[in-house]
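Asker: quick one, fold the following:
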Amino acid sequence: MTGQDGDLREQVRANYAAAALRVAAGGTACCGSDGCGSSDGSDGSDGVEIDAGFGAGLYAAGDRDALPAEAVAASLGCGNPLAVAELREGERVLDLGSGGGIDVLLSARRVGPSGKAYGLDMTEEMLALALANSKKAGATNVEFLKGAIESVPLPANSVDVVISNCVINLSVDKAAVFAEMFRVLVPGGRIGVSDVVAEDHLSPEQRAERGDYVGCTAGALSAAEYRAGLEAAGFTEIGITPTHQVADGMHSAIVRAVK
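Answerer: Coordinates of the predicted model:
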């Protein structure tokens with residue numbers, strides 16, 4: 001890892017550690033083109049602020065209400081990967097960059113007691129928050145792991161589904177992330193990812209003008225780059241579907257693919 005890559009990773013770690021501490025202290029985490037999206041003023045359960053483009057506002061109210069308020073407050077995603085992952089009873093699912101645990105806890109409910117939901121995060125503070133949230137939710141089929149999404153601490157062919165919510169854009173080695181997703185999936189396994197994706201005409205410099213790296217913007221791949229990266233890792237049946245704009249020429253998108 002180059003010095004610049006190491007600096008970026010540390011910026012990401014520090015930002016999300018601070019977000020976890022804000023939530024633990026009764027505040028709300030946030031993510032967006034400026035690192036903290038603008039609230040539309042509406043509230044979720046227990047007074048949690050809901051942002052229109054990022055975070056808890058992208059989940060159904062029924063899902064939010066079924067979780068601890070801290071899991072909702074810590075939501076930093078740009079979409080709802082569970083809306084497309086089509087999780088089934090008994091499946092094993094891995095959430096890359098699991099943060100406060102909202103997607104892991106919702107996944108655990110969907111796969112049921114015969115399934116398993118793993119959450120992977122590199123930030124101690126987020127892992128502590130996620131563990132506390134899982135206890136409050138009474139979840140027994142979840143496991144949180146410390147590690148980097150470029151080097152997943154699970155064996156090959158060990159999960160049925162990989163999900164992620166606005167995290168892959170933060171990686172400094174996206175090829176490694178795609179390779180790890182492919183490695184841990186069983187043959188026929190699938191991904192259901194929400195991420196920020198740039199329009200193909202935008203250069204890396206133009207993407208950086210629209211927001212910083214930690215704010216989920218400067219590190220985003222173009223749609224063509226995303227597709228090429230997944231193909232290089234071995235994925236097929238790739239689909240990239242924009243859902244809403246998060247900056248000029250930048251969109252939240254649902255990414256699907258099959259091993």
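Asker: helices and strands of the chain: which one has the lowest mean pLDDT?
Answerer: strand 39-43 (a mean of 34; mean pLDDT, DSSP states H and E).
Asker: what is the neighbour count of Ala175?
Answerer: Using other Cβ atoms under 10 Å, Ala175 has 13 neighbouring residues. C-betas here are computed from N, CA, C, even on glycine.
Asker: repeat for Pro153
Answerer: Pro153, neighbours per other Cβ under 10 Å, totals 11.
Asker: and the residue lying closest to it once chain neighbours are set aside, what pLDDT?
Answerer: Using Cβ to Cβ, 6 or more residues apart in numbering and skipping the chain neighbours, the partner closest in space to Pro153 is Gly147 (4.5 Å). At Gly147, the model reports a pLDDT of 95.
Asker: so what touches stretch 194-208?
Answerer: 77-81, 164-169, 216-218, 220-224, 226, 240, 242-243, 246, 249-255 (Cβ atoms under 8 Å, 6 or more residues apart in numbering).
Asker: how about stretch 140-157?
Answerer: The contact list for stretch 140-157 (Cβ under 8 Å, 6+ apart) reads 94, 96-98, 101, 104-105, 108, 111-113, 115-122, 124, 127, 130-131, 134, 164, 167-168, 171, 173, 176-177, 180, 183-187.
Asker: and these, which are buried?
Answerer: 94, 96-98, 101, 104-105, 108, 111, 115-122, 127, 130, 134, 164, 167-168, 171, 173, 176-177, 180, 183-185 (16 or more other Cβ atoms under 10 Å).
Asker: among these, which are located in strands?
Answerer: When DSSP state E is applied, the buried ones among the contacts of stretch 140-157 are split such that 94, 96, 116-121, 164, 185 fall in strands.
Asker: which parts of the stretch 51-200 of the chain are helices?
Answerer: With DSSP state H, counting those that start in this stretch as the criterion, the stretch 51-200 of the chain has helices at 61-65, 69-73, 82-85, 102-111, 124-137, 174-184.
Asker: can you lay out those as JSON lines showing distance to Ala208 and mean pLDDT?
Answerer: Formatted as JSON lines, the helices of the stretch 51-200 of the chain follow (distance: least, Cβ to Cβ, whole Å; pLDDT from 0 to 100):
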{"stretch": "helix 61-65", "distance to Ala208": "33", "mean pLDDT": "53"}
{"stretch": "helix 69-73", "distance to Ala208": "29", "mean pLDDT": "48"}
{"stretch": "helix 82-85", "distance to Ala208": "29", "mean pLDDT": "75"}
{"stretch": "helix 102-111", "distance to Ala208": "28", "mean pLDDT": "90"}
{"stretch": "helix 124-137", "distance to Ala208": "25", "mean pLDDT": "87"}
{"stretch": "helix 174-184", "distance to Ala208": "16", "mean pLDDT": "97"}
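Asker: re earlier: of the ones in strands among the buried ones among the contacts of stretch 140-157, which pair is most distant in space?
Answerer: Within these, Asp121 and Leu185 form the most distant pair, 19.3 Å apart (Cβ to Cβ).
Asker: and Arg190, how many neighbours does it have?
Answerer: Residues near Arg190, counting by other Cβ under 10 Å: 21.
Asker: and it, how close does it get to Gly119?
Answerer: Using Cβ to Cβ, to the nearest Å, one gets 18 Å for the distance from Arg190 to Gly119.
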